[in-house]
Each structure stands twice: as C-alpha cells, then as structure tokens.
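*Asks:* Next comes the sequence, and after it the predicted model I'd like to discuss.
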Amino acid sequence: MDSNCIFCKIINKEIPSKLIYEDNDFFAMLDIAPATKGHVLILPKEHASTLTDLSDDKASKILVLAKKIIVAMKKVHGFTDYNIVQNNGELAGQTVSHYHLHLIPRYSKGELGLWTPHEGDPSVTDENAEAVRNLLK
Ligand code: 5GP
Ligand code: ZN
C-alpha cells in the first residue's frame, strides 16, 4: 500500500469505485472516464508502478483474470472485439502510477484511436537487436 496512491486508496475502499471483481490478489472496477461503454481497469492489490515492478506471480495471473472478465463483459454488453491496453510511464500515457490493465470493448470502427503507424522508419540497428537477444539468453 502506497498512502499517496489513488488506486491503493480505492482498493482499500477509502475512495468509492464501481467494483466489478475482487479476490485476494486483484481488484477490477469501471473506469471513471470510460473510453467506451463498459471500460474496466484491473489492478493488482500490491502496489507496483509498471510491469517491471510487478511480481512475476501477479504478472502471470493478470491476463488469465482479464480473459475471465472479458467473457462476462461480452455477454452483458454484447461486443465481440476489444483492446487490452497497459501504459507504462508518463511518455506512454500512464497517468496513475499503480499498474493497471485496461479492458476496452469496441463497438464500431473509428470510435477510438489508440495509435497510428509511425511515419518513416523507427528502425533499430542489427547490433541493438543482437544486444537485446543476448540479454535474454
Ligand atoms: P492510465 O492513463 O494511467 O493508463 O489510466 C488511468 C485510468 O484511470 C484512466 O482511464 C482514468 O480514467 C482512470 N481513473 C483515474 N482516476 C480514477 C478514479 O478515481 N476511479 C476510477 N474508477 N478510475 C480512475
Ligand atoms: Zn497503489
């Protein structure tokens, strides 16, 4: 628990939210400013800022939970398509520094722009790619 974190306060029920799901590890709620109807946020209860701060245990469980919640949301809201988005850091659009997964239903084309393909060539060198590969060996 980080006493300055709004999502920790929500998990702790100090701040109200529209609860969707809760267990020992996770908390899911409706986004206060939904991108589309039914937009849900899943938060691990342990405070971690970004993916690399999150424990492997929670990181490995969260997508399984996302799948379960999406199945229920689909039945209620009647969508088939959706985005799962997760922003890490300010440059990536993260505004709340408590790791969270966005589950965003999609109902029609063009209702939401998440990103556009980069103009030009943001390429890495072969050396860069090899350096990353080597760190993963
Ligand atoms: P981020 O930009 O960090 O990826 O996403 C933060 C999300 O949290 C935004 O979609 C924003 O609408 C949502 N949010 C911010 N404050 C609150 C809040 O107090 N309650 C709820 N339910 N959602 C919030
Ligand atoms: Zn927190």
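*Replies:* On my side now, so go ahead. What you are looking at is a predicted structure, and each value in this text was computed from that prediction instead of being measured. Ligands and ions are numbered 1, 2, ... in the order given.
*Asks:* Return the helix or strand in this protein with minimum mean pLDDT.
*Replies:* Within the chain, no helix or strand scores below helix 126-135, which has a mean of 92 by mean pLDDT, DSSP states H and E.
*Asks:* how far does that one sit from the chain's center?
*Replies:* With C-alpha atoms, centre = their mean, to the nearest Å as the basis, helix 126-135 stands 27 Å off its chain's centre.
*Asks:* What residues sit buried inside that helix?
*Replies:* Residues of helix 126-135 include none that count as buried (16 or more other C-beta atoms under 10 Å). Where you see a C-beta, it was placed from the backbone N, CA and C, and this is true even at glycine.
*Asks:* what does stretch 11-27 give?
*Replies:* Neighbour counts over stretch 11-27 (16+ other C-beta under 10 Å) mark 11, 17, 20, 26, 27 as buried.
*Asks:* Then stretch 89-103?
*Replies:* Buried, per 16+ other C-beta under 10 Å, within stretch 89-103: 94, 97, 98, 99, 100, 101, 102, 103.
*Asks:* Might one say that the last one is in contact with residue 68?
*Replies:* No - under the contact definition of C-beta atoms under 8 Å, residue 103 does not touch residue 68, with a separation of 10.7 Å.
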